[in-house]
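Asks: have a look; sequence and predicted model below, questions after that.
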Amino acid sequence: MSISSHWCVICRRSGEELDHLFLHCTMAWQLWASLTRELQWIWVMPKTCEVIFDDASWDFRNSRRNVLWKSCSQSIVWGIWQERNARLFKGTFMNHEELWDGIRLNTAKWLSINKEFKQWGLNDLLNNWQPILEGTLR
Ligand SMILES: [Zn+2]
């Protein structure tokens, strides 16, 4: 599905198709890689966005892992969309680290209002995902 008839405003190397912008664009790929590296997951990048939001594709048999996956994947998509619009309409630009920091912060805020994560403060929800998922952070 094409979002616009123009080139991708992030990489300028491909058309702005939905799957390109949110999965396969260099910036998107780096963000997904940051998430999987952070959580020590090994995965194969899906071909389409539908897989990302299909609950049946991501049953980790751990409700905290499911909530974290959903929160962060939605935050990545939201962050990419905001960055795309900022570049297109405001002429502003964030690098990967700035974008990833914002995505982590949004994810932590969303986790903080979820019953599965209410026992941790925002700082832990921002910086200690793996220990929280492993149950080693009290
Ligand atoms: Zn691109």
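Replies: Received it, and whenever you're ready, just let me know what you need.
Asks: near the ion, which residues of the protein show up?
Replies: Within the chain, the positions lying close to the ion (Cβ under 5 Å from the ion) are 8, 10-11, 25. Where C-beta positions appear, they are placed from N, C-alpha and C, glycine not excepted.
Asks: of those, closest to Trp81?
Replies: Nearest to Trp81 among these, counting by Cβ to Cβ, is Ile10 at 10.9 Å.
Asks: helix, strand or coil for the closest one?
Replies: Assigned with DSSP: H, G, I helix; E, B strand; the rest coil, Ile10 falls in the coil class.
Asks: and what of His6?
Replies: With three-state DSSP as the basis, His6 sits in strand.
Asks: where do the strands of the protein begin and end?
Replies: 2-7, 15-17 (DSSP state E).
Asks: before we move on, the earlier item: how about the residues of the chain next to the ion in JSON lines, adding pLDDT?
Replies: As requested, those are exported to JSON lines (pLDDT from 0 to 100):
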{"residue": "Cys8", "pLDDT": "93"}
{"residue": "Ile10", "pLDDT": "92"}
{"residue": "Cys11", "pLDDT": "92"}
{"residue": "Cys25", "pLDDT": "95"}
